[in-house]
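Visitor: give me a model of this one.
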Amino acid sequence: MLRHNMHMSDNNQNNQGGSLGLIACVTMISGGMIGSAIFSLSGLTVYLAGPSAIFSWIIAAAIMLIYGLVVAELSTIFPKSGGVFVFPSKALGKTEKTGKFWGWISTWGYINANIVAIAFAAIYVGTYLGVGFPILANLQIPLALGAIAFCFILNTLKFAVAGRLNNILVGILILTMLIFICVGIFGGSWDSSQLVPFFSQGASGSTGFLSVVPTAMVGYGSIVAIAFMVSEVKDPNKNVPKSILIAMGIVVTLYSLIILATVGLITAGYLAENPGMRFIPLYAASFTKLTAYPWIAKVISISAVLALLTTMLVVIALTSRAIAATAEGGLLPEALRRNGKTGTPIYATILVAALGAIVSCFPEFTAEIVSLGALFAAITISINCVSLIVARKKNAYVPGNFRAPGGNVLPVVVLIILIICYIPDIIGGGWVLWLYTIAWYLLGFIIYSYYSRKNKKAE
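Guide: So this is what the prediction gives:
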């Protein structure tokens, strides 16, 4: 009965909600998802899978939508921001201490993956601006630092203000993407014969579209954005799952059309012969086939920069709130839980921006670090899926709350897909991957042990 009453109390908090309405939630998720992946990694998927990369991105969307619905239900059970720490710490473990341990494991990997994602996005801001505007070609690191500073400032504003600015950025971003799609497909250079053969053009052969699904999944990582910031959402029981479904529909449609436009302009063979173009595929398409529209390269650069900025904005917000929740749980310095005058966790936001800025100063190593982050993402997703299964057993269902369809089949399916998609790459990653992973979690264990002992003495 006590457990049920505690859950009813959580539900009352859930119903109160915050300042973000449905439109703001949709744009937050959409802006978070449309980032470096479609403007860089899409070229890699086309190189490996050819035109069938379109299927890769659709399959990846379905997988990440399932995960988004899993996390949406967790946010109705535990309606508190910082979900990457909150969900496992509340759901897992028979005691508060063991729950915090799983919350820490989830958050520690999540922090690593997100810091790298912020730096990667910042570096590509410099890359795309340099490509579209040659006068900026030698300013990659200063531009990256400027991008992080801009997103940091937005994150220190009131969340409602930052949300409105994000709405404007995402609106312009979608408009620029639609311009590329229309010019690419209807501009007179698109060639449907380049889609044949559909499945065997890529370097990975006829099954290449399956092998690149994990790469495409990166493009939908921010599907959890609103669920992880549930305290700041109006009527989250309705708006969290609705915004996930609407945002995913918008983004997967845009992604599919962009790749369709791209593969009708450049082939997997062209990317094989020109490896430098694999990570700027939209620019490669405009450079080779859309020369009649010289302004399109600048549109692509602006679109890419907007996409990267909105992604950074969301990821900084998510990571700072995860750190604040962890600090509130007593596992990081107490200062990191403090909010500024605008209600944002100011010191956690400063820390995230600073770490992202440091990593962005070493663009020559970013690709290797990003590849290492896949393991941490897989660990975090796995822990959250298990958290839902356990949370359903521990907490009585409150009528009217969102409940992900399919029962426990849904999180189990995500776990199985993770094993199929990620384990081969993890095993084949070599000693560098394992050494980096062990070192990162060893550092995390030292920090966890220190604060656990400190909390025990305080008690």
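
Visitor: which stretches of the stretch 251-400 of the chain aren't confidently modelled?
Guide: Residues of the stretch 251-400 of the chain meeting the criterion pLDDT under 70: 366-374.

Visitor: quick one, helices of it?
Guide: Ranges of helices in the stretch 251-400 of the chain, per DSSP state H, counting those that start in this stretch, are 268-273, 281-289, 296-328, 346-360, 363-394.

Visitor: helices or strands next to the second one in the packing?
Guide: Same thing as helix 281-289. Applying 3 or more CB pairs under 8 Å, 6 or more residues apart in numbering; DSSP states H and E, one finds that helix 281-289 contacts helix 42-49, helix 96-132, helix 159-186, helix 236-263, helix 268-273, helix 296-328. No exception for glycine: its C-beta is placed from N, CA and C like everyone else's.

Visitor: now the angle from it to helix 296-328?
Guide: Going by axes from the mean of the first three to the mean of the last three CA atoms, to 10 degrees, helix 281-289 is angled at 170 degrees with respect to helix 296-328.

Visitor: got the phi/psi numbers for Leu20?
Guide: Main-chain dihedrals, Leu20, degrees, to the nearest 10: phi -90, psi 120.

Visitor: give me the mean pLDDT for the helix or strand where Ala62 lies.
Guide: Ala62 belongs to helix 53-77 when assigned by DSSP states H and E. Taken as a whole, helix 53-77 has an average pLDDT of 93.

Visitor: could you do stretch 190-210 as well?
Guide: Average pLDDT, stretch 190-210: 93.

Visitor: just to revisit the earlier point, now do the buried residues in the helix holding Ala62.
Guide: The neighbour-count check on helix 53-77 (16 or more other CB atoms under 10 Å) flags 53-61, 63-77 as buried.

Visitor: need the winner for burial among the helices and strands packed on helix 281-289.
Guide: helix 42-49 (a mean of 27; mean count of other CB atoms under 10 Å).

Visitor: just to revisit the earlier point, out of the helices and strands packed on helix 281-289, nearest to Ala285?
Guide: Shortest distance between Ala285 and the helices and strands packed on helix 281-289, using CB to CB, is found for helix 236-263: 5.2 Å.

Visitor: what angle sits between the closest one and helix 296-328?
Guide: 150 degrees.

Visitor: what is helix 236-263 packed up against?
Guide: The helices and strands touching helix 236-263, judged by 3+ CB pairs under 8 Å, 6+ apart, are helix 2-16, helix 22-33, helix 42-49, helix 53-77, helix 159-186, helix 281-289.

Visitor: and these: which comes nearest Gly406?
Guide: Across the helices and strands packed on helix 236-263, closest to Gly406 is helix 53-77 (CB to CB), at 8.3 Å.

Visitor: could you identify the helix or strand that succeeds that closest one?
Guide: Next along the chain after helix 53-77, taking DSSP H and E as the criterion, comes helix 83-91.

Visitor: what is that following helix packed up against?
Guide: Counting contacts by 3+ CB pairs under 8 Å, 6+ apart, helix 83-91 packs against helix 53-77, helix 96-132, helix 296-328, helix 363-394.

Visitor: which residues touch Arg403?
Guide: 73, 397 (CB atoms under 8 Å, 6 or more residues apart in numbering).

Visitor: and what of Pro51?
Guide: Neighbouring residues of Pro51 by CB under 8 Å, 6+ apart: 194-195, 198-199, 201, 263.

Visitor: ok, it to Met64 distance?
Guide: Remark: distance between Pro51 and Met64 (CB to CB, to the nearest Å) = 22 Å.

Visitor: now distance to Leu418 too, for the helices and strands packed on helix 281-289, in a markdown table please.
Guide: Below are the helices and strands packed on helix 281-289 laid out as a markdown table (distance: least, CB to CB, whole Å):
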| stretch | distance to Leu418 |
| --- | --- |
| helix 42-49 | 19 |
| helix 96-132 | 13 |
| helix 159-186 | 29 |
| helix 236-263 | 18 |
| helix 268-273 | 27 |
| helix 296-328 | 20 |
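
Visitor: circling back to that earlier point, so which of the helices of the stretch 251-400 of the chain gets nearest Gly82?
Guide: Each of these was scored for nearness to Gly82 using CB to CB, and the closest is helix 296-328 (2.4 Å).
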